[in-house]
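Q: Need the 3D shape of this:
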Amino acid sequence: MQNIVEWILETGLLKRTPRSGWSLPGVGNAESVADHSFRCAAIGYVLAHMEGVDVYRTLLMTLFNDIHETRITDLHKMAQHYVNTEAAEDRSFSDLVGGLPDGVRDELSAARREYKAQESKESIVARDADILECLVQAKEYTEQGHTGAALFMKSAGHLETEGARKLWAILERTDINEWWARIGTFER
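A: Reported below is the predicted structural model:
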């Protein structure tokens, strides 16, 4: 039980671990890895339904895709150029889930292997959810004045599913403030 308690506490570090790539275009107070993981899971949930794939497996991959960053933080692409991130991520993940009950450890490990292999429809949807979340975040930061964040939107070409491409086509031309202004009293 102590291992589970410590795992719960450790996953909380993701709430305080900033997404480091946003520092490159000058975003000073970037969202955390936990922020990213939550919206990634929300997107993955909807995309899984849109694409007709197993929702639970997709959610599992989107929610826990970056959990290894509790131990090695989030390394942006420039840092990844100099560090063997795959080995570090694998070791961090293995150590992180090592003390969990067998069923939990095995399920999380299988989800990680499936995501990394990118062979199942669910893993492709989960990766598209990750990319789409980054695209939305880049759009939000760009519209908030961090113009360099627009460079991150080039990854839109990596979207593989029809649903993700359609969502991005709409998101790309949507003002980030439209939805709340329409719901609020601003248009009444």
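
Q: Check the burial of Gly28 by counting its neighbours.
A: Look at Gly28: counted by other Cβ atoms under 10 Å, it has 8 neighbours. C-beta coordinates here come from the backbone N, C-alpha and C atoms, glycine included.

Q: Are we agreed that it is in a strand?
A: No - counting by DSSP: H, G, I helix; E, B strand; the rest coil, Gly28 falls outside a strand, being coil.

Q: Quick one, grab the pLDDT at it.
A: At Gly28, the model reports a pLDDT of 89.

Q: Distance-wise, check it relative to Arg165.
A: 32 Å (Cβ to Cβ, to the nearest Å).

Q: mind listing what the nearest residue in space to Pro101 that is not next to it in sequence touches?
A: Distance criterion Cβ to Cβ, 6 or more residues apart in numbering; nearest residue to Pro101, sequence neighbours excluded, is Ile4 at 7.4 Å. Going by Cβ atoms under 8 Å, 6 or more residues apart in numbering, Ile4 touches 99-101.

Q: Just put those in a markdown table and tack on distance to Gln80, neighbour count and secondary structure.
A: Output for those, formatted as a markdown table (distance: Cβ to Cβ, whole Å; neighbours: other Cβ atoms under 10 Å; DSSP: H, G, I helix; E, B strand; the rest coil):
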| residue | distance to Gln80 | neighbour count | secondary structure |
| --- | --- | --- | --- |
| Gly99 | 28 | 13 | coil |
| Leu100 | 27 | 16 | coil |
| Pro101 | 32 | 12 | coil |
